[in-house]
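Enquirer: okay, predicted coordinates and the sequence, questions at the end:
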Amino acid sequence: MCSRTNFYSCTYFDESFVSLTQEDDPEDVDYILSVDQVESDSDNFENDISTCYTEEQKLIKENKFIVFESAIDTLINKLKCNICECPVDPDDIVKDLSNGTVITITANCTSGHIVVKWSSQPFLGKMPVGNLLVSAATLFCGQTYSHISQFAEFCNLQYISHTTYNKIQRQYLMPVVQHTWSLLQEVELKKIKEQNRQIRLAGDGRCDSPGFSAKYCTYSLLDIETQRIITFVVVKVTETGSSSKMEVEGFRRCMTLLLDMGFRIEVLATDRHVQIRSIMKKEFPEVQHQFDVWHLCKSIKKKLTLKAKGKVAKI
């Protein structure tokens, strides 16, 4: 059961969401996020976010381009040594392509002096900014690594490995998502407390795959008045022993959490889940339980479509 004391453990993204099929790259050096960048007063969410907008924000907004290797070679070969003014030796140019989206070039002149050591993008610590940005863009636009990496492969575009993507997601992106969600949730719950109103909720669960092979289920409760999610929990199949029980467990945790925090729930609309209907009668009888008309219409449409395909419906 989820109570107020273990609230954040109930809503935190479990790191097992990120499946690592390989060992982490030992050459990947972490870019450590400063705690000062993310800890702030949640009374003003916009001010919270703006505290993080320093040099990193400039890197995000800066224009990026796809540059062909031949174009880079043309520029490098036009350089001259500052020491002896000899041209770059085309046979003494070292290109490092082992660090994801970045290329690092060391060019020497015909006399052996280093003319330039250049990288195609800035670094945060020892992490190329591009590696972090493409990982964030992939996750936040709802795509998967396999889709984006296939796009990069078709274009012969340098891209990060799956291991690097998973590591960046686990260490940087998910904590940012969790922190942002916690701030927004705190703001929404505080508003409800200040208004001293009863909540009218709509709830539903969503599994990571259909049928009885689901591994995770996310159950969410939406405040109908504000149209905002005010709480959700993620349930793993290992916690319930069966994928069919995950939605029920997620529902129970969400309801218990809000009630333990002192919120008054007036109405809850859900689908016609048999076990949830039973729990509402036994454990939450003071809450009016209604059925979501969308689910009802979907069920009727499904039955009518099935009937229309039968022999009786044929002309």
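Expert: That came through, no problem.

Enquirer: for this protein, which helix is longest?
Expert: For the chain, the longest helix by residue count, based on DSSP state H, is helix 174-195.

Enquirer: the stretch 1-150 of the chain: strands as residue ranges?
Expert: All strands of the stretch 1-150 of the chain, identified by DSSP state E, counting those that start in this stretch, fall at 88-99, 102-109, 114-119, 123-124, 127-128.

Enquirer: please identify the deepest-packed of those strands.
Expert: Looking across the strands of the stretch 1-150 of the chain with neighbours counted as mean count of other CB atoms under 10 Å, the highest average goes to strand 127-128: a mean of 22. C-beta coordinates here come from the backbone N, C-alpha and C atoms, glycine included.

Enquirer: buried residues in the host helix or strand of Phe232, which are they?
Expert: Assigned by DSSP states H and E, Phe232 falls within strand 228-236. For strand 228-236, a neighbour-count test (16 or more other CB atoms under 10 Å) marks Ile230, Thr231, Phe232, Val233, Val234, Val235, Lys236 as buried.

Enquirer: does the third one touch Leu257 like I think?
Expert: No. Using CB atoms under 8 Å, Phe232 is not in contact with Leu257, being 9.8 Å away.

Enquirer: about what we covered before: between the strands of the stretch 1-150 of the chain, which gets nearest to Arg206?
Expert: strand 127-128 (33.0 Å; CB to CB).

Enquirer: so how far is the closest one off the chain centroid?
Expert: Centre-to-centre, strand 127-128 and its host chain are 20 Å apart (CA atoms, centre = their mean, to the nearest Å).

Enquirer: Ala202: which element?
Expert: Applying DSSP H and E as the criterion places Ala202 in strand 199-207.

Enquirer: tell me which other helices or strands whichever helix or strand comes after that strand touches.
Expert: Following strand 199-207 in sequence order, the next helix or strand is strand 216-223 (DSSP H and E). Here strand 216-223 touches strand 199-207, strand 228-236, helix 246-260, going by 3 or more CB pairs under 8 Å, 6 or more residues apart in numbering; DSSP states H and E.
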